[in-house]
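1. Kindly return the folded structure for what I paste below:
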Amino acid sequence: MSFDLHLVKTARDAEAAKRLAREAVWLRELSGVRTLEGQVPRLIEEGTDAAGRFYLVIGVQPGTGETRAFTTDHARFLANLGKARFRVTDLEHAGKCQWIQRSLPRDESLLQEAYEDCERALLYWTGPYVLAQGDFAPWNIRTFGSQLFVFDWGNAHADASPLDDVLHYLMIQRRVKTVALLRRAMSRAHEFALAAYPAWSWRLEVIGALTLVYLLGVILHRGVDRGDPVVAAYWKLLEKRSIWMKEN
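-> Here you go, the predicted structure:
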């Protein structure tokens, strides 16, 4: 498929350079995934400009705008993405969860206790861990015909919970902080898991634990900054987890 537009992305600092380098790695890998053909940017060139800044040139489809609803097109894209990097393992061996464990601040008891709740709930559960886009949100997605086109792969990572991208899409646009809205997101993520990965058990206890994994991942990725409105909202949900994990 030809790409109509070329986009140049240039890093302004070292952290942005790392993110662009990570995006380049994933774009090279995803270029070989036939089920995602034409739905992710094509890496055309990477290098360093005259000012010493790392850059990427990528081919993109302009699309026709974004939608806030999580549709069957979104579910199909994530199911195909999950197959690009897929393995069955326990929580303790999943790369995303190992990163969470390493990143937990010792002086934040709430985060430590929430992760322990994850471990207890998933002690006897083995399931799929997959490739996640990492910032699957309406502002990073455009529609193109009957397909999606998904931008910005600098936060992509393997060995993620298969619910991460679904929950992120449903929650980040509203900065969900009420139990009622969280339950709706969990219910939709539950439906997705049952359809995309029917061979595994998706009892409510598992959905609740993987929701904790998602919340912890976002809080840690954003630096546990409670002045950040997303972190503040998700922190409140962690504080109320005894309610929604029992009654979801």
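2. what comes up buried for stretch 13-24?
-> 17, 19-20, 22-24 (16 or more other Cβ atoms under 10 Å). For every residue, glycine as well, the C-beta is placed using N, CA and C.
3. Now tabulate these in CSV and tack on distance to residue 164.
-> Below are those laid out as CSV (distance: Cβ to Cβ, whole Å):
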residue, distance to residue 164
17, 25
19, 18
20, 22
22, 16
23, 18
24, 22
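4. These in helices, which ones?
-> 17, 19-20, 22-24 (DSSP state H).
5. so how far is stretch 213-226 from its chain's centroid?
-> What separates the centre of stretch 213-226 from the centre of its chain is 12 Å, taken as Cα atoms, centre = their mean, to the nearest Å.
6. So which residues make contact with it?
-> 91, 96-97, 99-100, 103-105, 108, 111, 114-115, 118, 155, 161, 163-164, 167-168, 172, 228, 230-232, 234-235, 237-238 (Cβ atoms under 8 Å, 6 or more residues apart in numbering).
7. For residue 243, the count of nearby residues, please.
-> Using other Cβ atoms under 10 Å, residue 243 has 13 neighbouring residues.
8. shaky segments in this protein?
-> Scanning the chain for pLDDT under 70 picks out 1-4, 246-248.
9. Spell out the secondary structure type for the residue of it positioned farthest from its centre.
-> Most distant residue from the mean C-alpha position of the chain: residue 50, 33.9 Å away (Cα atoms, centre = their mean). Following DSSP: H, G, I helix; E, B strand; the rest coil, we place residue 50 in the coil state.
10. Identify those among the contacts of stretch 213-226 that sit within helices.
-> 96-97, 99-100, 103, 111, 114-115, 118, 164, 167-168, 172, 230-232, 234-235, 237-238.
11. If any of those are buried, give me the ChimeraX selection for them.
-> Those of the ones in helices among the contacts of stretch 213-226 that count as buried under 16+ other Cβ under 10 Å are selected in ChimeraX with:
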select :96,97,99,100,111,114,115,118,164,167,168,172,230,231,234,235,237,238
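12. can you give me the helices in the chain?
-> Using DSSP H, helices in the chain cover 14-30, 72-84, 95-103, 109-121, 164-172, 179-196, 204-221, 229-239, 241-247.
13. Tell me which of those helices is the most buried.
-> Across the helices of the chain, the average number of neighbours (mean count of other Cβ atoms under 10 Å) peaks for helix 164-172, which reaches a mean of 24.
14. Which strands or helices does it pack on?
-> The elements that helix 164-172 packs onto, with contact taken as 3 or more Cβ pairs under 8 Å, 6 or more residues apart in numbering; DSSP states H and E, are helix 72-84, helix 179-196, helix 204-221.
15. which secondary structure elements does the first one contact?
-> Pointing back at helix 72-84 there. Using 3+ Cβ pairs under 8 Å, 6+ apart, helix 72-84 sits against strand 126-132, strand 147-150, helix 164-172, helix 179-196.
16. swap in the second one?
-> Packed against helix 179-196 by the contact rule (3+ Cβ pairs under 8 Å, 6+ apart) you find helix 72-84, helix 164-172, helix 204-221, helix 241-247.
17. would you turn those into a markdown table with distance to residue 37?
-> Compiled in a markdown table, the helices and strands packed on helix 179-196 are given as follows (distance: least, Cβ to Cβ, whole Å):
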| stretch | distance to residue 37 |
| --- | --- |
| helix 72-84 | 10 |
| helix 164-172 | 19 |
| helix 204-221 | 28 |
| helix 241-247 | 39 |
